[in-house]
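Chemist: Let me see the structure of the following:
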Amino acid sequence: MVVSALVAGGTAHAGSSRVGVAVIVLCHGHYDLLHVGHVRHLEAAKVVAGKGGGVVVSLTAGKFMSKPGHPIFTDQERLDMVRALRCVDHASIVYSSGPYEAIDQVNPDIYVKGREYEGRLPEEDYCIQRGIKVVFLGEKLFGSTRLKSLLPVP
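Modeler: Numbers count the residues shown, from 1 in each chain. Model (predicted):
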């Protein structure tokens, strides 16, 4: 994962370096069956980043997804959908089962997840130990599992 568009020389928080970006917010997930809940989450992450801040999205590669029947879309299709959102400044596929590689490479100021992960986020302590603020946004309005249940069975 390379975030050269956001990460370069200059300084931000401890151990982080970047040019022209005040705050980097990292959002990580599958983003399979992209829906309005995802879009609102990423738009809210852009607000958290503030003026001059950037939103980086890391997507778990399909071969590392453990949900039955996923991915529905290929890695490239999911990447294209997320990159098409105006609120996203950079998106990449992460070839591991969790967000740790992306957290280490991006070294964001803020790591954002949906409110439904509050109190049960394995990577929360990992972020806090690195000086990365963890923020839980919004309410769970519509999930991919529900959306998938509405689709006809092939």
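Chemist: Next up, the contacts around Val48.
Modeler: Going by C-beta atoms under 8 Å, 6 or more residues apart in numbering, Val48 touches Val23, Val25, Ile110, Val112, Val135, Leu137. Heads up, the C-betas are built off the backbone N, CA and C, glycines and all.
Chemist: Now with 10 Å, please.
Modeler: Val23, Val25, Cys27, Val55, Asp109, Ile110, Val112, Lys133, Val135, Leu137 (C-beta atoms under 10 Å, 6 or more residues apart in numbering).
Chemist: closest to Gly98 among those residues?
Modeler: Nearest to Gly98 among the contacts of Val48: Cys27, at 14.1 Å, using C-beta to C-beta.
Chemist: Remind me which helix or strand that closest one belongs to.
Modeler: Using DSSP states H and E, Cys27 sits in strand 24-29.
Chemist: List the pairing partners of that strand within its sheet, with orientation.
Modeler: strand 54-60 (parallel), strand 110-114 (parallel) (DSSP bridges).
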